[in-house]
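Asks: how does the following fold in three dimensions:
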Amino acid sequence: MIYVPDYWPFFNTSELRRFDYVDPTGSMPPITSVFAYDKGTDSMIYIDYDAHLTWKDTWYYQNRPGFGVAEWRDDYPGKKVVMNPPIGWGEYVEIGGSYVNKPKMSPFQSWPPAMASGIQIVAYEQLLLDYGYWLPDDGSLVAKGRNYKDVLVFTYLQSWSGKPGGGARYWMAKGVGPVSVQWLAQDPTDPYGKPLIQTARMNATVTSVGGLTS
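Replies: Next up is the predicted model:
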């Protein structure tokens with residue numbers, strides 16, 4: 001059995017853990033994600049920025065015994081969404097297995113009020129005992145290599161109010177977090193008949209203040 005929370009960033013210190021993603025093919029702009037602990041809500045926060053370091057969104061998530069990784073709030077510019085039940089990412093799982101849950105927006109805790117219901121499907125594809133990649137040359141003579149020894153690979157698709165789903169494939173290194181990501185989406189013209197739309201895999205340089213450095 002795999003314990004999913006081991007692969008997500010969880011800490012309760014002042015650490016800021018940063019993931020700078022680049023697409024080796026150059027087809028996708030770089031993005032940045034930062035993980036931190038929010039003492040006020042006793043939650044981890046997962047903050048996304050675009051290529052210009054403009055804030056895009058913030059997820060709040062907790063490790064809830066018996067449920068697992070629970071994404072219970074999402075913030076966007078001018079919008080806050082609180083969910084009960086939360087978006088689930090699993091707890092104890094088998095490789096090759098899947099996890100399904102049905103989050104629901106809490107209308108009076110969200111702003112503006114929101115009432116949508118959703119479905120989250122997570123498929124746990126592989127456990128890699130050795131996973132590495134090279135990042136593009138940044139001007140030095142040698143490109144930067146990264147290697148991780150315990151990496152959980154899973155995909156998720158999330159749909160709200162019956163709309164076509166979107167999601168990603170994550171490579172989550174144990175004790176570190178999402179060292180690579182690939183975006184996925186159902187084709188809006190034929191969600192169930194056409195293959196998923198997939199971007200290139202984006203690999204991360206991982207740094208932190210007050211915590212691990214790789």
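Asks: check which residues of the host helix or strand of Ile47 are buried.
Replies: Using DSSP states H and E, Ile47 sits within strand 43-49. Residues of strand 43-49 classed as buried by neighbour count (16 or more other CB atoms under 10 Å): Ser43, Met44, Ile45, Tyr46, Ile47, Asp48, Tyr49. For glycine as for every other residue, the C-beta is placed from the backbone atoms N, C-alpha and C.
Asks: cool, stretch 185-194 as well?
Replies: Ala185, Gln186, Pro191.
Asks: just give me the closest of those residues to Gly162.
Replies: Closest approach to Gly162 among the buried residues of stretch 185-194 (CB to CB): Pro191, at 9.8 Å.
Asks: got CSV for the buried residues of stretch 185-194, with distance to Val179 too?
Replies: As requested, these are arranged in CSV below (distance: CB to CB, whole Å):
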residue, distance to Val179
Ala185, 22
Gln186, 25
Pro191, 29
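Asks: restricted to strands, list those residues.
Replies: Ala185 (DSSP state E).
Asks: would you mind giving the buried residues of stretch 185-194 as CSV with pLDDT and distance to Ser106 added?
Replies: What follows is those, written out as CSV (pLDDT from 0 to 100; distance: CB to CB, whole Å):
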residue, pLDDT, distance to Ser106
Ala185, 94, 26
Gln186, 91, 26
Pro191, 85, 27
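Asks: wait, doesn't Asp74 sit right on Tyr61?
Replies: No: the criterion here is CB atoms under 8 Å, and Asp74 misses it with Tyr61 at 9.7 Å.
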